[in-house]
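*Asks:* I would like to see how this sequence folds:
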Amino acid sequence: MPSFFHGVRTTKGEGGQTINTAASGIVFAVGTAPVNQVSSYPAIVLANSYAEAVEQLGYSDDWNTYTLCEVIYSHFKMSAIAPLLLVNVADPATAKQAVSEASKSIVSGQVELPETAIKNSIVVKNGETALVAGTDYDVFYADGKCYVEAINGGAMESLSTVKVAYDSFTFTAANMKTAVIGGYDTTTGQNKGLELVNDCYATYQVNPDIIIAPGFSSDPQVAAAMAAKCENLNSVFHARTLVDADCATVRVYSGVPSWKNSNGINSEKQIVCWPMAKTGDKIMHLSSRIAAIMTTVDSRNDDCPSESPDNKDIGISGLCLADGTDVVMNLERANYLNANGIMTALNFVGGFKAWGSHTACFPGETDPTKYFIPVARMFDWVGNSLILTYWSRIGEKLNRRLCESIADSASIWMNSLTAAGHIYGGRVEFNESENTDVDIMAGILRPHIYMAPVSPLVEVDWIEEYDSSYVSNALAS
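*Replies:* Numbering: from 1, shown residues only. Reported below is the predicted structural model:
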């Protein structure tokens, strides 16, 4: 017999599970950085500001040598968007050349060295007596130089000359392809290069969904490796990659489709960019800017990739080839590239805009879930979000209550995405043919998500017609 109660009360039922949406527009960039400027650096750098990135990897305006610096500049200086994941593959422990001890004059309390001087290798002496870093002098980098500066009260302050020896950080970025591709090192048990994308979530609980390697991605082997990493991050997640067409050898827009096809750059996971971009006197790869624009657009849509980067402000001053030769991109040329699955930039109305909404599989692929950038990314994002949300349910009892809980919470999420305009509609079903008794006994559940992400507007075709009735009406009045 139930206990007596007199009054008003509530009973809390089991609520639906809140969807843990995956972050969107998280860029993972692999390349080279001036890490000779820092004492040490992690295998994967997570930066939320320009200062954080520079503190961990250093900075140089020599973007041809230090390719990650253009990514840092693009993301933080030009777009002010975060976070950013960075992997440097140039190792100062091996890529170095000894510079013999030599006498250096101290000017205004400073000794000037080349920017390539490795900070940890610098030895400063007064005669045969070694001076102490942090006590007698500090080392810093600025304006393309390395400076050894006397500390007030230190032994260097009163000197006019010192002897300096150091190692120079010496490598050629063009020879770093193998390091960028990376892989699993069986000797150390560590991932290297692009393979480190699989360590991001375990290290920072951040899952990247855009992979770039400016300066290297025009190599077909690197591009293929990038596409492969997008397929199954950590064996379950999905991403997209931005590939730069070779702006050194492909000098005319009409040659880009041939380059793309002959190098096998035709994956739905790839987004091809051509040519390069100018910002003042700086030249950067278009992939760096498009990646930052994609992140910015996602951020404006509640971290949802439902909108295309197409026709969004790109913040550049011009287009060019690798050697700086100006490229004039008119609408006809830009649309020719788009028609062949290539993104570009166009200065047509309101300054330079990113131009294009198609992945590299276009025009050969006719499925919009593969060739439309925002539609394809929405499937990635929804899938990644479902994985993150329902991972916690693994190990629970597979019964009707569990199935209803999963279906209800996922359906509520689909409805919220529809209401927000991110998808046309969506639903969740458990189809009997996809959930057989044998599968259920084996602990396998297959919920089926049906959804239609919103397509980007590609064309507006106004129809103009002369209506003579307006003439008679005007005269009659």
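
*Asks:* For the stretch 51-200 of the chain, just list every one of the strands.
*Replies:* 84-88, 96-105, 110-114, 123-126, 129-130, 137-142, 145-150, 161-169, 183-185, 190-192 (DSSP state E, counting those that start in this stretch).

*Asks:* Mean neighbour count and mean pLDDT for the ones you listed - can I get that in CSV?
*Replies:* Quick note: C-beta positions are derived from backbone N, CA and C, even for glycine. CSV is the format used below for these (neighbours: other CB atoms under 10 Å; pLDDT from 0 to 100):
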stretch, mean neighbour count, mean pLDDT
strand 84-88, 26, 98
strand 96-105, 12, 96
strand 110-114, 17, 97
strand 123-126, 17, 97
strand 129-130, 12, 96
strand 137-142, 17, 96
strand 145-150, 19, 97
strand 161-169, 20, 97
strand 183-185, 12, 93
strand 190-192, 17, 96
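
*Asks:* what about those, which gets the closest to residue 295?
*Replies:* strand 84-88 (8.5 Å; CB to CB).

*Asks:* so what strands line up beside that closest one?
*Replies:* Paired strands of strand 84-88, with direction, are strand 27-31 (parallel), strand 45-47 (antiparallel) (DSSP bridges).

*Asks:* okay, the helix or strand of the chain with the lowest mean pLDDT in PDB with CA atoms only?
*Replies:* Lowest mean confidence among the helices and strands of the chain (mean pLDDT, DSSP states H and E): helix 469-476, at a mean of 90. This file holds the C-alpha atoms of helix 469-476, laid out as PDB (Å, rounded to 0.1, in the frame of the first residue of the first chain):
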ATOM      1  CA  SER A 469       0.300  46.500 -70.000                       C
ATOM      2  CA  TYR A 470       2.300  48.900 -68.000                       C
ATOM      3  CA  VAL A 471       2.500  51.200 -71.100                       C
ATOM      4  CA  SER A 472      -1.200  51.400 -71.600                       C
ATOM      5  CA  ASN A 473      -1.800  51.800 -67.900                       C
ATOM      6  CA  ALA A 474       0.700  54.600 -67.700                       C
ATOM      7  CA  LEU A 475      -0.800  56.500 -70.700                       C
ATOM      8  CA  ALA A 476      -4.400  56.000 -69.500                       C
END
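
*Asks:* Got the domain ranges for the protein?
*Replies:* Taking automatic domain parsing as the reference, the chain has its domains at 27-90+177-373, 96-169, 398-477.

*Asks:* Save the ones you listed as a markdown table, and put in distance to residue 382 too.
*Replies:* Below are the domains of the chain laid out as a markdown table (distance: least, CB to CB, whole Å):
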| stretch | distance to residue 382 |
| --- | --- |
| domain 27-90+177-373 | 10 |
| domain 96-169 | 44 |
| domain 398-477 | 7 |
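
*Asks:* coming back round to it: quick one: which of the strands paired with strand 84-88 is nearest residue 236?
*Replies:* Closest among the strands paired with strand 84-88, using CB to CB: strand 27-31, at 16.1 Å.

*Asks:* So for residue 437, which of the strands of the stretch 51-200 of the chain sits nearest?
*Replies:* That would be strand 183-185 among the strands of the stretch 51-200 of the chain, by CB to CB, at 39.7 Å.

*Asks:* That closest one packs against which elements?
*Replies:* Packing partners of strand 183-185 (3 or more CB pairs under 8 Å, 6 or more residues apart in numbering; DSSP states H and E): strand 190-192.

*Asks:* still on that earlier bit, including mean pLDDT and mean neighbour count, could the strands paired with strand 84-88 go into a markdown table?
*Replies:* Below are those laid out as a markdown table (pLDDT from 0 to 100; neighbours: other CB atoms under 10 Å):
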| stretch | mean pLDDT | mean neighbour count |
| --- | --- | --- |
| strand 27-31 | 98 | 29 |
| strand 45-47 | 97 | 20 |
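
*Asks:* what about the ones you listed, which gets the closest to residue 461?
*Replies:* strand 27-31 (35.1 Å).

*Asks:* so which of the strands paired with strand 84-88 comes closest to residue 79?
*Replies:* strand 27-31 (10.5 Å).

*Asks:* C-terminal to the top helix by length along the chain, what's the next element?
*Replies:* Scanning the chain for the helix with the most residues, using DSSP state H, yields helix 400-419. Once the chain leaves helix 400-419, the next helix or strand it forms, by DSSP states H and E, is strand 423-429.

*Asks:* Point out the other helices and strands that that following strand packs with.
*Replies:* helix 400-419, strand 448-453.

*Asks:* So what touches it?
*Replies:* 306, 378, 406-407, 410-411, 414-415, 417-418, 447-454 (CB atoms under 8 Å, 6 or more residues apart in numbering).

*Asks:* Name only those of the residues you listed that count as buried.
*Replies:* Buried members of the contacts of strand 423-429, counted by 16 or more other CB atoms under 10 Å: 306, 378, 406-407, 410-411, 414, 417-418, 447, 449, 451, 453-454.

*Asks:* ok, so of these, who is nearest residue 283?
*Replies:* Nearest to residue 283 among these: residue 306, at 32.1 Å, using CB to CB.

*Asks:* any idea of the pLDDT on the closest residue to the closest one other than its chain neighbours?
*Replies:* Excluding the flanking residues, the one nearest residue 306 by CB to CB, 6 or more residues apart in numbering is residue 422, at 3.9 Å. We have a pLDDT of 97 for residue 422.
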